[in-house]
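Asks: let me see the structure of the following:
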Amino acid sequence: MRGSAAGAGRADGAWDDGPVTTFSFDDLRRFPDVEAVNLVAADATDRLILDEAAADLATAPAGTVCVVGDRYGALTLGAVALHGVTGVRTHQDRLVGEQALTANAERLGLSGTFTTHLLDDGALAGARVVLWQLPASLDELDEVAEAIATHAHPEVRVYAGGRVKHMTHGMNDVLGRWFSDVQARLARQKSRVLVAAAPRPAGDRPAPDWPAAERHDDLGLTVLAHGGVFAGTGVDIGTRFLLASEDQMAPAAETALDLGCGTGVLAVSLAQARPALRVTATDESAAAVASARATAEANGVADRVTVARDVAAAGVPDASVDLVVLNPPFHVGTTVHSGIARRLFADAARVLRPGGELWVVWNSHLQYRPVLTTLVGPTRQADRNAKFTVTVSTKAVSTKAVSTKA
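Replies: Numbers count the residues shown, from 1 in each chain. Below you'll find the model as predicted:
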């Protein structure tokens, strides 16, 4: 069903006029996430999942349809607008995805048609139909499948879709750990849906093992991780390289921020090394926040590491931090894109006090140093190896406002 937006977009990403009157996937936006011509808010997988589930959506009782991994609202709002579903419950790992869903719902006149939950019984209890954008990680697939099998109705049907090029036979195997019936539907437009049903009885399931834990004696750290967090219980090589410069980082700092903290390795290591330092760790991923909190607790520094789910450092006051540490992503989904890194650099500049330091590790081919100098302040190379560069940027006393748009 083709619709059109009632108002034109503004430069700040908002819209001038009222909501659209009909639903179309083409009207969905990624905002406030990075937007570019090669980045989409909905794709063929969203459409295929909804089409494959159409018969079950038509008969599902109110409040029994759940959506997991909806990126910007295509599944949630499509179920409501195209299939008449009411009382949808949705779980999105990324906070910016929740914000985009809310913004799209408001603009499309669909506010109040869904509720947002953590991945627990609040999201999944009694679910008869689950619509799911498959994650790339088999660990995340396993944790979510466990949650569905544990909390959903015994007669639940799960419609899990992805792009064929990103799907593996291992996904079928993981789903088979938790469901007795797993079937692959025919592909369409390079997307495919796996349908899982018949959750295995409790006695026939693997023992739950999330969050997982791993001890790293060389770093003096125990890392805990939920399935959807980057690097899992490991410590990626970029973070390890940045940690090698830890003793040089703003020695007089009283406050620090681990921006995009993942499992919290940088935050916890700083807290261990400097007992007087107050550390905040932020990440937009619900799985990362839960992992970082568990890692801080496991290493005995939970009283000195505050973990918050946040888009960049939106909740951190201006000019309030002496030290920011950052290992930024250079992908948006599966697309190489610098937009997220630029936003993180700009937010680091905002929260740093004059003279404060931003320490960043980045893949050397990305050539971030001029960007850091422009957005933060004077930037020097602190370390470099065959793959990574570590830089330290000192917050200038005053900086010009610079656009962070990609």
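
Asks: so the nearest residue in space to residue 166 that is not next to it in sequence, which state does it fall into?
Replies: Nearest non-adjacent residue to residue 166, counting by Cβ to Cβ, 6 or more residues apart in numbering: residue 136, 6.1 Å away. (C-beta placed from N, C-alpha, C; glycine too.) Assigned with DSSP: H, G, I helix; E, B strand; the rest coil, residue 136 falls in the coil class.

Asks: burial measure for residue 136, as a count.
Replies: Here the number of neighbours of residue 136 (other Cβ atoms under 10 Å) works out to 14.

Asks: how about residue 196?
Replies: Residue 196 has 24 nearby residues by other Cβ under 10 Å.

Asks: most centrally placed residue in the chain?
Replies: Nearest to the mean C-alpha position of the chain, by Cα atoms, centre = their mean, lies residue 94 at 3.3 Å.

Asks: is residue 329 in contact with residue 259, as I believe?
Replies: No - between residue 329 and residue 259 no contact is recorded; they are 11.4 Å apart, counting by Cβ atoms under 8 Å.

Asks: between the two, who's got more neighbours?
Replies: residue 259 (28 against 13).

Asks: if we ignore the residues flanking it in sequence, what's nearest that one?
Replies: Using Cβ to Cβ, 6+ apart and skipping the chain neighbours, the partner closest in space to residue 259 is residue 326 (4.7 Å).

Asks: domain ranges for the protein, per the record?
Replies: Using automatic domain parsing, the domains assigned to the chain come out as 25-204, 212-394.

Asks: can you get me the start-to-end distance on the shortest one?
Replies: Start to finish, the residues bounding domain 25-204 are 40 Å apart (Cα to Cα, to the nearest Å).

Asks: contacts only, for the residue nearest to residue 211 when sequence neighbours are not counted.
Replies: Of all residues not flanking residue 211 in the chain, residue 224 sits nearest, at 4.4 Å (Cβ to Cβ, 6+ apart). Contacts for residue 224 were tallied using Cβ atoms under 8 Å, 6 or more residues apart in numbering; they are 211, 212, 213, 233, 263, 291, 294, 295, 298.

Asks: how about the last one: what's its closest non-neighbour residue?
Replies: Looking back up the chat, that one is residue 298. Leaving aside its chain neighbours, residue 298 sits nearest to residue 222 (4.6 Å; criterion: Cβ to Cβ, 6+ apart).

Asks: do I have it right that the one you found meets residue 214?
Replies: Yes - counting by Cβ under 8 Å, residue 214 is a contact partner of residue 222 at 7.1 Å.

Asks: which one of these two has more residues nearby?
Replies: A count of neighbours by other Cβ under 10 Å puts residue 222 above the other of residue 222 and residue 214, at 18 against 14.

Asks: residues contacting that one?
Replies: The contact partners of residue 222, by Cβ under 8 Å, 6+ apart, come to 213, 214, 215, 216, 295, 298, 299.

Asks: got it, and residue 114?
Replies: Residues in contact with residue 114 (Cβ under 8 Å, 6+ apart) are 67, 76, 77, 80, 87, 88, 89, 90, 101, 105.

Asks: could you do residue 212 as well?
Replies: By Cβ under 8 Å, 6+ apart, the contact set of residue 212 is 139, 224, 225, 232, 233.

Asks: could you dump those residues into TSV and include pLDDT?
Replies: Output for the contacts of residue 212, formatted as TSV (pLDDT from 0 to 100):
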residue	pLDDT
139	96
224	98
225	98
232	95
233	97
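
Asks: biggest separation within the residues you listed, which pair?
Replies: 139 and 224 (12.8 Å; Cβ to Cβ).

Asks: and the residue nearest to residue 298, that's in a helix?
Replies: No - counting by three-state DSSP, residue 222 is not part of a helix but strand.

Asks: elements contacting whichever helix or strand residue 45 is part of?
Replies: Assigned by DSSP states H and E, residue 45 belongs to helix 44-52. Under the contact definition 3 or more Cβ pairs under 8 Å, 6 or more residues apart in numbering; DSSP states H and E, helix 44-52 sits against helix 74-83, strand 129-133, strand 157-163, strand 191-199.

Asks: what are the buried residues along the longest one?
Replies: This means helix 74-83. 74, 75, 76, 77, 78, 79, 80, 81, 82, 83 (16 or more other Cβ atoms under 10 Å).

Asks: equivalent analysis for the last one, please.
Replies: The neighbour-count criterion (16+ other Cβ under 10 Å) identifies 191, 192, 193, 194, 195, 196, 199 as the buried residues of strand 191-199.

Asks: in JSON lines, list these along with distance to residue 318 and pLDDT.
Replies: Below are the buried residues of strand 191-199 laid out as JSON lines (distance: Cβ to Cβ, whole Å; pLDDT from 0 to 100):
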{"residue": "191", "distance to residue 318": "44", "pLDDT": "98"}
{"residue": "192", "distance to residue 318": "47", "pLDDT": "98"}
{"residue": "193", "distance to residue 318": "46", "pLDDT": "98"}
{"residue": "194", "distance to residue 318": "47", "pLDDT": "98"}
{"residue": "195", "distance to residue 318": "49", "pLDDT": "98"}
{"residue": "196", "distance to residue 318": "47", "pLDDT": "98"}
{"residue": "199", "distance to residue 318": "49", "pLDDT": "98"}
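
Asks: can you pull out the helices in this structure?
Replies: Counting by DSSP state H, the chain has helices at residues 44-52, 54-59, 74-83, 95-107, 121-124, 138-151, 169-178, 237-243, 265-273, 286-298, 339-351, 369-375.

Asks: among those, which comes closest to residue 386?
Replies: helix 237-243 (10.5 Å).

Asks: any idea how far the closest one is from the middle of the chain?
Replies: Put simply, helix 237-243 sits 21 Å off its chain's centre (Cα atoms, centre = their mean, to the nearest Å).

Asks: mean confidence score for that helix?
Replies: Helix 237-243 carries an average pLDDT of 97.
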